[in-house]
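Undergrad: predicted model, plus sequence, below.
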Amino acid sequence: PEMAARQLTRTGLLMTRRHGFTPSAICEGRSLSTDHFGHDGQAADYAVYRPKYSQEIFTLIEKYHEHSGMDRDLALDIGTGTGQVAIPLREQLKFDRVIGVDRSKAQLEHATACDGVEYAVGDALEIPIDDGKASLLSIAQAMHWLPLGDFFTEVRRTLKIGGTFAVLGYAIPEIAHEDIQNEFRSYYVNTLGSTLPVGGPGSYWDCDRVILDSGFASVEFEGFRHVSRNWVKDEEKTSLDAHISYLTTMSAYRTYLKRNSVDKGGEDDPLFQFRDKALSIMQHDGLEELEIVYPYFVILAQRAL
């Protein structure tokens with residue numbers, strides 16, 4: 001029965017019996033049965049505008065995994081989205097097979113096709129693979145949605161002994177212009193309530209942004225060994241409109257619009273109010289692009305006995 005529950009069947013996308021991420025303990029009172037990343041147009045924007053992990057991040061993963069002596073038979077990418085991590089696991093790290101799992105069918109419909117990479121609609125707490133089959137399991141910008149104890153148990157179940165567990169993510173990007181960054185910080189903290197308790201008054205997040213922005217600094221990786229925590233900062237120049245398009249993919253922004261009956265791009269849209277302020281500053285200073293600093297992190301660990 002347990003194998004049957006996890007068995008993969010093919011209907012265009014790989015499907016599992018149980019769909020949807022399970023609510024996180026740090027998201028008390030919230031449900032993740034709703035697809036927070038499947039809003040109209042959001043999945044396509046996610047694929048285009050979300051930050052892309054740097055080459056250095058994947059080099060760190062590759063060196064760690066190589067040092068462990070583990071094979072490269074199968075890699076699992078949980079919360080795969082549009083395949084931002086699944087593809088490099090196949091093309092750069094040369095895993096024989098990669099399975100990207102996500103609860104959002106809309107995200108997977110925009111995923112990048114790649115030989116040797118399969119995509120599955122599935123649950124992070126019921127990963128569609130038999131025990132001890134994966135050589136590496138990654139999760140990128142998604143672990144803050146999950147009950148960590150339960151998720152760690154499932155990671156240990158699916159990984160081979162000594163297999164690599166890679167947690168990737170990024171804190172909120174910073175704008176390298178003090179006045180514009182101050183305006184953005186006001187929007188991020190005061191409007192979205194990013195430092196407030198999840199579910200409390202003034203918070204529009206369904207999960208804890210503080211723990212994500214810290215790179216899970218307070219989290220103990222029980223049942224794993226040789227834990228390595230790494231930060232990599234990447235700078236990029238981009239247009240204001242491209243940066244705004246990225247910010248529209250945030251689930252808290254969508255929640256704010258819905259909860260307050262605000263039209264996207266309308267005069268009451270706080271993100272576009274920030275855009276107008278930033279544009280005014282850029283015009284005053286003669287700037288055509290923004291310099292954005294992306295703080296990426298990768299936590300690496302091995303499954304213990």
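TA: Sure, I can see it.
Undergrad: pLDDT at the residue nearest the centre of the chain, what is it?
TA: By CA atoms, centre = their mean, the chain has its centre lying nearest to residue 141, at 2.0 Å. Note for residue 141: predicted pLDDT of 93.
Undergrad: one more: the one 10 residues further on?
TA: Note for residue 151: predicted pLDDT of 97.
Undergrad: one more: residue 51?
TA: So residue 51 comes in at 81 (pLDDT).
Undergrad: now residue 107
TA: At residue 107, the pLDDT value in this model is 89.
Undergrad: which strands and helices lie in contact with the helix or strand harbouring it?
TA: Using DSSP states H and E, residue 107 sits within helix 105-109. In terms of contacts (3 or more CB pairs under 8 Å, 6 or more residues apart in numbering; DSSP states H and E), helix 105-109 is packed against strand 13-15, helix 42-49, strand 117-121. C-beta coordinates here come from the backbone N, C-alpha and C atoms, glycine included.
Undergrad: quick one, helices of the stretch 101-250 of the chain?
TA: 105-109, 148-158, 178-185, 209-213, 240-247 (DSSP state H, counting those that start in this stretch).
Undergrad: by mean pLDDT, flag the weakest helix or strand of the protein.
TA: strand 9-11 (a mean of 28; mean pLDDT, DSSP states H and E).
Undergrad: and for the longest helix along the chain, what's in contact with it?
TA: Counting by DSSP state H, the longest helix found in the chain is helix 270-285. When contacts are defined by CB atoms under 8 Å, 6 or more residues apart in numbering, helix 270-285 is touched by residues 175, 177, 179-180, 183-184, 186-187, 191, 240, 244, 247-248, 253, 256, 262, 265-266, 287-288, 290.
Undergrad: 10 Å - rerun?
TA: 175, 177-184, 186-188, 190-192, 239-241, 243-244, 247-248, 250, 253, 256-257, 260, 262-267, 269, 287-290 (CB atoms under 10 Å, 6 or more residues apart in numbering).
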